[in-house]
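Visitor: Model the structure of this input:
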Amino acid sequence: MAQAEHLFTSESVTEGHPDKIADQISDAVLDAIIAQDPTGRVACECLLTTGLVVVAGEITTSCYVDIPRIARETIKQVGYTRAKYGFDYETCGVITAIDEQSSDIAMGVDALGAGDQGLMFGYACRETPELMPLPIMLAHGLVRRLSEARRTGVLEYLRPDGKSQVTVRYVDDKPRSVETVVVSTQHSPDVTLQQIREDVIQHVILPTIPAELLDTKRCVFHINPTGRFVTGGPMGDTGLTGRKIIVDTYGGSCPHGGGAFSGKDPTKVDRSACYMARHIAKNIVAAGLAERVQ
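Guide: Take a look at the predicted model:
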């Protein structure tokens with residue numbers, strides 16, 4: 001019988017990608033509030049552009065948190081600590097526009113435990129120890145390794161912004177090989193593309209992709225395919241909370257209802273119901289009841 005083959009691709013981003021910085025600021029504000037007021041209602045959104053952070057949303061809480069300080073500290077932790085990187089946590093402007101949660105929404109939450117409707121999906125499969133699809137886990141592994149190489153000084157010319165993309169060939173729905181790897185990383189202006197390519201393959205790709213899935217003579221590597229990536233972060237692209245929902249979930253392996261996670265307290269079913277759906281799916285697969293569950 002002929003074997004069925006198909007390709008599947010997923011991507012991930014580093015913590016320095018502008019959309020991910022926005023997610024992290026939104027979640028940092030949420031964490032600071034929940035730590036003091038576990039029943040606080042938080043819907044926090046963030047926008048970043050050249051030299052500017054805007055934090056807006058609907059928050060009802062009995063505590064006080066210093067949102068500009070939280071935003072700056074998050075940006076510092078990401079690694080945008082010098083103006084020459086295109087963004088600096090000390091000198092960027094931070095604007096806040098926070099209102100209380102709508103009384104109409106609050107009434108629904110108080111009565112029902114949730115303030116909105118939505119489509120939420122959970123998924124699990126046996127492709128990885130984490131019971132996650134292989135392409136998204138490999139993509140996550142690449143950007144994690146990229147970040148480690150930057151933070152530890154292994155590749156000192158790296159800067160915080162970056163992305164990865166992995167294409168996996170499946171045979172009869174089983175991962176067989178990695179066909180294409182794309183890594184784009186922000187860098188200092190004094191390094192050559194050839195040096196970046198060699199270093200990323202050696203220090204990022206080869207330690208991340210399992211050897212049994214990677215034929216280096218056959219796999220296609222695209223390293224900084226545009227040729228130059230000096231301008232990055234919020235200076236290169238505007239960042240918004242909730243624009244990396246596929247990266248945050250299953251890499252496109254199952255449907256997505258469209259709701260984001262970051263900056264939302266547990267009464268927002270976009271987040272809490274997706275977590276519960278994942279918990280159910282993961283336990284069904286872990287118990288051996290199915291190979292994959294959606």
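
Visitor: residues in contact with stretch 136-147?
Guide: Under the criterion CB atoms under 8 Å, 6 or more residues apart in numbering, residues 10-16, 127-128, 130, 158, 160, 162-166, 168, 178, 181, 183, 185, 200, 203-205, 207-209, 247, 250-253 lie in contact with stretch 136-147. (Each C-beta comes from the backbone N, C-alpha and C, glycine too.)

Visitor: shaky segments in the stretch 1-150 of the chain?
Guide: Within the stretch 1-150 of the chain, the stretches falling below the threshold (pLDDT under 70) are 1-2, 102-113, 115.

Visitor: Can you tell me which of the contacts of stretch 136-147 are buried?
Guide: Neighbour counting by 16 or more other CB atoms under 10 Å classes 10-16, 127, 158, 160, 162-166, 168, 178, 181, 183, 185, 200, 203-205, 208-209, 247, 250-253 among the contacts of stretch 136-147 as buried.

Visitor: Can you flag which of those belong to strands?
Guide: With strands defined by DSSP state E, the entries of the buried ones among the contacts of stretch 136-147 inside them are 10-13, 158, 160, 162-166, 168, 178, 181, 183, 185.

Visitor: What about Gly93, how many residues nearby?
Guide: 9 (other CB atoms under 10 Å).

Visitor: next one: Glu198
Guide: Number of residues near Glu198 (other CB under 10 Å) recorded here: 12.

Visitor: next one: Glu5
Guide: By the other CB under 10 Å criterion, the neighbourhood of Glu5 contains 11 residues.

Visitor: what's the answer for Ser147, then?
Guide: Other residues close to Ser147 by other CB under 10 Å number 20.

Visitor: contacting residues around Tyr80?
Guide: Gly16, Ile21, Gly86, Phe87, Asp88, Tyr89, Pro160, Gly233.

Visitor: Repeat the analysis, applying 7 Å as the threshold.
Guide: For Tyr80, the residues meeting the contact criterion (CB atoms under 7 Å, 6 or more residues apart in numbering) are Gly16, Phe87, Asp88, Tyr89, Pro160, Gly233.

Visitor: Next: Leu193.
Guide: In this structure, Leu193 makes contact with Asn224, Gly227, judged by CB under 7 Å, 6+ apart.

Visitor: What's the separation between Glu127 and Ile245?
Guide: With the distance defined as CB to CB, to the nearest Å, Glu127 ends up 21 Å from Ile245.

Visitor: Equivalent analysis for Thr226, please.
Guide: 25 Å.

Visitor: So which of those two has more stuff around it?
Guide: Looking at Thr226 and Ile245 with other CB under 10 Å, you find the greater number of neighbours at Ile245, namely 18 against 8.

Visitor: backbone phi and psi for that one, please?
Guide: Torsion angles at Ile245 (phi, psi; degrees, to the nearest 10) stand at phi -70, psi -30.

Visitor: Could you pull out the helices in the stretch 151-294 of the chain for me?
Guide: Secondary structure of the stretch 151-294 of the chain (DSSP state H, counting those that start in this stretch): helices located at 193-200, 206-208, 233-236, 269-286.

Visitor: Stretch 124-131: how far from the chain's middle?
Guide: Taking the mean of its C-alpha atoms, stretch 124-131 sits 19 Å from the chain's own mean (CA atoms, centre = their mean, to the nearest Å).

Visitor: outside of it, which residues touch it?
Guide: Residues outside stretch 124-131 that contact it (CB under 7 Å, 6+ apart): Pro133, Leu134, Met137, Pro175, Ala281, Lys282, Ile284, Val285, Ala286, Glu291, Arg292, Val293.

Visitor: Weed out the non-buried ones from the residues you listed.
Guide: Among the contacts of stretch 124-131, those classed as buried by neighbour count (16+ other CB under 10 Å) are Pro133, Leu134, Met137, Pro175, Ala281, Lys282, Ile284, Val285, Arg292, Val293.
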